[in-house]
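Novice: I would like the atomic coordinates for the input below:
(one chain, ligands or ions: 1)
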Amino acid sequence: MKRLYFGSNLKMYKNVHDTVCYLKELEALTMDLDRERVELFIMPSFTALAEAKKNVQRIQIGAQNMCWADRGQFTGEISPCMLEELGVGLVMVGHSERRHVFGETDEEVNQKVLAGLRHGMQVLLCVGETADDKKYGISADVLRKQLLVGLHGVSGQDARSIGVAYEPVWSIGVDGIPASPDYAEEMHRVIKDCLKDIFGEASGSIPVLYGGSVNSGNARQLIARESIDGLFVGRAAWQAGQFNRLIRDAVEAKIPG
Ligand code: PGA
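Specialist: Numbers count the residues shown, from 1 in each chain. Next up, the predicted model:
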């Protein structure tokens, strides 16, 4: 049976107290979900990671970013060792806001991917084309480049620790327009083909999640598509009750009954 993935990046919205309240509520609401079928993860701010880890058992906690180096002259950065110390075993790298607000390059993203794997973490690599890339018809090329560079040097063995989130830049956030299920499916196929070129059969273990203005109105149609293995949700996930309903709706749409 295919496993489905649901996660949320809390961005810079919830303090420690709000994060813990949210996680406790979400965990209580989703307690009965079969974890063989549904994997749930939440990425709070760095300052809330320690308390988040202490307060939930059945929701995986991940970091929104990290430095590629273990230690050194990197003022303001958080190292993989520091995440390890907190027991955080999942890290997101290359989120659109890291790339486009903070200027992260594919090469830096690659260094972070490799650092995460070196530390035995699961790594969620985010990729996505801009509106201009789409306009000029180079979306597939951009995605391929982000994957080929981002995953450079990753072994077939380590492919098991990789997940990919496809988040078109134009679909994210308050001004975002959600990708149509047809378009998302087409890009997910591009991603899966590229992963197969890189890892061969080992690519079969890599889940590819869609993100960007996912909401209760489009979650079912998106998840129903063959190549969409999960949903990476921002705003529509930040209230536990709303996210719980979205997850249940989506699970039902993918696995009827
Ligand atoms: P959104 O955010 O669902 O609020 O568009 C998605 C994301 O940035 O991961």
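Novice: close to the ligand, is stretch 246-257?
Specialist: No - looking at stretch 246-257 against the ligand by CB under 6 Å from any ligand atom, there are no contacts, and the closest approach is 10.7 Å. In this view, the C-beta of every residue, glycine as well, is placed from N, C-alpha and C.
Novice: same thing with stretch 159-172?
Specialist: Yes - under the criterion of CB under 6 Å from any ligand atom, the ligand is reached by stretch 159-172 at 167, 172.
Novice: from the chain's centre, how far out does that stretch sit?
Specialist: Computed by CA atoms, centre = their mean, to the nearest Å, the separation of stretch 159-172 from the middle of its chain amounts to 6 Å.
Novice: not counting sequence-adjacent ones, nearest residue to the residue in the chain positioned nearest to the ligand?
Specialist: Among all residues of the chain, residue 234 sits closest to the ligand, at 2.3 Å; criterion: CB to the nearest ligand atom. The shortest distance from residue 234 to any non-neighbouring residue, by CB to CB, 6 or more residues apart in numbering, is to residue 9 (6.2 Å).
Novice: surely that neighbour meets residue 236?
Specialist: No - when contacts are counted by CB atoms under 8 Å, residue 9 is not listed as touching residue 236 (12.0 Å).
Novice: please say which of the two ends up with more neighbours.
Specialist: residue 9 (26 against 19; other CB atoms under 10 Å).
Novice: for the more buried one, give me the pLDDT.
Specialist: The score at residue 9 is 98. That number is its pLDDT.
Novice: do the same with the one 3 residues further on
Specialist: At residue 12, the model reports a pLDDT of 98.
Novice: could you measure from the closest residue to it other than its chain neighbours over to residue 53?
Specialist: Spatial nearest neighbour of residue 12, excluding adjacent residues (CB to CB, 6+ apart): residue 45 at 6.2 Å. Separation of residue 45 from residue 53 (CB to CB, to the nearest Å): 13 Å.
Novice: around the ligand, pick out the residues from this protein.
Specialist: Counting by CB under 6 Å from any ligand atom, the chain sits next to the ligand at 9, 167, 172-173, 176, 211-214, 232-235.
Novice: let's see it at 5 Å
Specialist: Proximity of the chain to the ligand (CB under 5 Å from any ligand atom) is limited to residues 9, 172, 173, 176, 211, 213, 234, 235.
Novice: mind listing what the closest residue to the fifth one other than its chain neighbours touches?
Specialist: Translated: residue 211. Excluding the flanking residues, the one nearest residue 211 by CB to CB, 6+ apart is residue 232, at 3.3 Å. With contact taken as CB atoms under 8 Å, 6 or more residues apart in numbering, residue 232 is in contact with 5, 7, 8, 9, 124, 165, 167, 209, 210, 211, 214.
Novice: what of residue 170?
Specialist: Here residue 170 is in contact with 130, 131, 134, 176, 177, 212 (CB under 8 Å, 6+ apart).
Novice: of the residues you listed, keep whichever come out buried.
Specialist: Among those, those scoring as buried are 130, 134, 176, 212 (criterion: 16 or more other CB atoms under 10 Å).
Novice: output these in JSON lines; the columns should cover pLDDT.
Specialist: Listed next are those as JSON lines, based on pLDDT from 0 to 100:
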{"residue": "130", "pLDDT": "98"}
{"residue": "134", "pLDDT": "98"}
{"residue": "176", "pLDDT": "95"}
{"residue": "212", "pLDDT": "97"}
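Novice: any stretches of this protein with poor pLDDT?
Specialist: Residue ranges of the chain with pLDDT under 70: 1, 256-257.
Novice: tell me where it has strands.
Specialist: Secondary structure of the chain, counting by DSSP state E: strands at 4-9, 38-43, 60-63, 90-93, 122-127, 162-166, 208-211, 230-233.
Novice: okay, the ones you listed in TSV with distance to residue 29 next?
Specialist: Shown next, in TSV, are the strands of the chain (distance: least, CB to CB, whole Å):
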stretch	distance to residue 29
strand 4-9	12
strand 38-43	10
strand 60-63	16
strand 90-93	21
strand 122-127	23
strand 162-166	23
strand 208-211	21
strand 230-233	15
